[in-house]
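A.B. asks: Give me coordinates for this.
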Amino acid sequence: MIRKVLLLLFLLTAVQTCSAGEVVLTVAESEYTFQVGTPAGIEVSAANTAGTETRGTLTVALRPEGSTTGRTQVRGVVLNPGTTAVPVALGTFDTPATCSLEVTFASADGKAAALRGITIHFVEEVEQVEEKETGGPVSSVPENAGETGERSPPPGRGGTTDREIQAGQAAQDAAALKEVLQSETGLKKKAENDLLARAEADTLVRDFYRLLKAEGFAQAGRSADPDSGAFALAYRRGGDEAAVRGVMEETLAYAVLETGAPLRVPAVLEENATFEDYAATLTTEGLSRGRTVINTTQEQSTITLAWGEAAAWINATVVGGEVTEVALHRHLNWLPLAALMATLVAVLAAALRAGGPSEGSGQGEEEEKQDTASPSPTAILARAREEFRKGETTLAYRGAARALRVHISQSHGRGTEITDEEALVLLAGDDAAAPWVRDALQVCSRVAFAGRFPSDEEFIRITEKIGRHLGGREEFK
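C.D. replies: Residues are numbered from 1 along each chain as shown. Okay, here's the model as predicted:
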């Protein structure tokens, strides 16, 4: 058994030694000419006749005539069976020179093949080289690694020469790396400029530019990422800042204008009655214009205009140059409401302590006070219907909305007076009720506050639906 193992190890060793030594290097010519200042390189053919993959180290030594220093490159290579074309970079020379080139392949088992007798010319002009017969292909000769003849430096100078060669190669590699980095930086900068040029030439982006310019903004910077297609254009007007961001593919994917400053209302909204009514309502409440955001694509745009530090905002959707939707949203600020409620409670308590109810108050007055403290949704809705019959449409729609809000407050909340937004918050988990409640409140709000023309059929339909849910305060369905 031991003999069989030893025999197997011997055969494996024999195969590896034979395979590693069966590599022949050749080049097409024995003499090459390159122009000064241009990158030089040749191609070496490595014929691997071992029939198996051979790994080793390729050493390239370029030494100018009359000099003990030069350039040395060392890199690992894998040679598959057959012939492999191995590119060899020689770098550049800034001045004319004639160099000798030596290429060596050394396998891991100590076998080597050395390729010598190659001359490299670096000249100012290629025509300066004397015309003469160029030698044919040059082939390598096998030798043991470490015994490469002319490759060995003169005695006593081995360490110095190696250091000089390494220093020269390091400088050359650094110069080549710097050249590559500069080239990549230039290509990236060109790609960024091309992307920005396409973005700024787009019609939608140019509309944003004209809008900001008319408002007194000037461009303050720009950037782009060619890999993702994203771009950003910065603008400034005194202390105000604005930005246009987007993504360019083959065409513009989208663009967004955003600024904390109030910009002029787009013309498409100036002519919209619903927007004008909402804007007038917010202005009457003492809120002033603030943030502006316009998100646009080739198909549609979404315009968001904020009032009073985003206490309220109007969203508008524009498709094909026509306004298709306008909605008013509000942020609930509970702090002022809580302070007001605390003040009212304190005043009421003080009044009760001071005198209590008057002696002449009758039962009707007590019922009225009870109704004020805890209103009946049914009574509120009845008054709303009576006001509508008298022609008081604004009060009628307000009353219908109030009846609905009070019902929601009593069935889902604490029974206190609430706003439309608070009512919808209480119904957030009721998917069946929330949609029609939102529609009903919006209709009532538009008629009561925005001046929308009322409809008898509409008022009857809304109040009948509200009325079906007031008796017994049943859940919405």
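
A.B. asks: May I see the buried residues of the helix or strand residue 88 falls within?
C.D. replies: For residue 88, the element it lies in under DSSP states H and E is strand 82-91. Within strand 82-91, the residues scored as buried using 16 or more other CB atoms under 10 Å are 84, 86, 88, 90, 91. Backbone N, C-alpha and C define where each C-beta goes, glycine included.

A.B. asks: Likewise for stretch 106-125?
C.D. replies: Applying a neighbour-count criterion of 16+ other CB under 10 Å, the buried positions in stretch 106-125 are 106-107, 109, 111-123.

A.B. asks: just the residues you listed now: which is nearest residue 70?
C.D. replies: The nearest member of the buried residues of stretch 106-125 to residue 70, counting by CB to CB, is residue 120 at 10.9 Å.

A.B. asks: pLDDT score assigned to that closest one?
C.D. replies: Looking at residue 120, its pLDDT is 92.

A.B. asks: That one contacts residue 99, correct?
C.D. replies: Yes: using CB atoms under 8 Å, residue 120 is in contact with residue 99, at 4.6 Å.

A.B. asks: overlap in contacts of those two?
C.D. replies: residue 62 (CB atoms under 8 Å, 6 or more residues apart in numbering).

A.B. asks: All the helices of the stretch 351-477 of the chain, residue numbers only.
C.D. replies: Taking DSSP state H, counting those that start in this stretch, the helices of the stretch 351-477 of the chain run over residues 363-373, 377-389, 393-412, 420-426, 434-450, 456-467.

A.B. asks: how far does the longest one sit from the chain's center?
C.D. replies: Centroid separation for helix 393-412 versus its chain: 46 Å, with CA atoms, centre = their mean, to the nearest Å.

A.B. asks: With stretch 379-390 instead?
C.D. replies: The chain centroid and the centroid of stretch 379-390 are separated by 55 Å under CA atoms, centre = their mean.

A.B. asks: what is residue 57 paired to in the beta sheet?
C.D. replies: For residue 57, the beta-bridge partners are residue 76, residue 106 (DSSP bridges).

A.B. asks: if I read this right, it contacts residue 73, doesn't it?
C.D. replies: No: at 10.6 Å, residue 57 does not count as touching residue 73 under the criterion of CB under 8 Å.

A.B. asks: residues near the nearest residue to residue 39 once chain neighbours are set aside, how many?
C.D. replies: Among residues not flanking residue 39 along the chain, residue 92 sits closest, at 5.5 Å (CB to CB, 6 or more residues apart in numbering). Neighbourhood size, residue 92 [other CB atoms under 10 Å]: 17.

A.B. asks: just residue 105 next, same as before
C.D. replies: That count, for residue 105 with other CB under 10 Å as the rule, works out to 27.

A.B. asks: For it, list the residues it contacts.
C.D. replies: Applying CB under 8 Å, 6+ apart, one finds that residue 105 lies in contact with 23, 25, 46, 56, 57, 58, 59, 77, 79, 112, 113, 140.

A.B. asks: with those in mind, which one is nearest to residue 414?
C.D. replies: Distances from residue 414 to the contacts of residue 105, taken by CB to CB, are shortest for residue 77, at 81.8 Å.

A.B. asks: Setting aside sequence neighbours, what's the nearest residue to that closest one?
C.D. replies: Closest residue to residue 77 apart from its sequence neighbours, by CB to CB, 6+ apart: residue 58 at 4.8 Å.

A.B. asks: Please apply the same query to residue 330.
C.D. replies: Closest to residue 330 by CB to CB, 6+ apart is residue 312, at 4.5 Å.

A.B. asks: again with residue 262
C.D. replies: The shortest distance from residue 262 to any non-neighbouring residue, by CB to CB, 6+ apart, is to residue 289 (3.6 Å).

A.B. asks: what about the one you found, neighbour count?
C.D. replies: For residue 289, the count of nearby residues is 17 (other CB under 10 Å).

A.B. asks: List the buried residues of stretch 293-312.
C.D. replies: 293, 294, 295, 296, 301, 303, 304, 305, 306, 307, 308, 312.

A.B. asks: check contacts around the last one.
C.D. replies: Just to be clear, that refers to residue 312. Residues in contact with residue 312 (CB under 8 Å, 6+ apart) are 282, 287, 306, 328, 329, 330, 331.

A.B. asks: Shouldn't residue 45 be within a helix?
C.D. replies: No: secondary structure of residue 45 (DSSP: H, G, I helix; E, B strand; the rest coil): strand, not part of a helix.

A.B. asks: Kindly state the beta-bridge partners for it.
C.D. replies: The partner residues for residue 45, given DSSP bridges, come to residue 26, residue 85.

A.B. asks: any idea of the pLDDT on it?
C.D. replies: Residue 45 is given a pLDDT of 91.

A.B. asks: How about the one 3 residues further on?
C.D. replies: On the pLDDT scale, residue 48 is placed at 87.

A.B. asks: thought it was touching residue 77?
C.D. replies: No: the pair residue 48 / residue 77 is not scored as a contact, 10.5 Å apart, by CB under 8 Å.

A.B. asks: Show me what counts as buried in stretch 23-35.
C.D. replies: Here stretch 23-35 shows 23, 24, 25, 27, 31, 32, 33, 34, 35 as buried, counting by 16+ other CB under 10 Å.

A.B. asks: Turn the residues you listed into JSON lines, columns for pLDDT.
C.D. replies: Output for these, formatted as JSON lines (pLDDT from 0 to 100):
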{"residue": "23", "pLDDT": "86"}
{"residue": "24", "pLDDT": "90"}
{"residue": "25", "pLDDT": "91"}
{"residue": "27", "pLDDT": "91"}
{"residue": "31", "pLDDT": "92"}
{"residue": "32", "pLDDT": "91"}
{"residue": "33", "pLDDT": "92"}
{"residue": "34", "pLDDT": "91"}
{"residue": "35", "pLDDT": "91"}
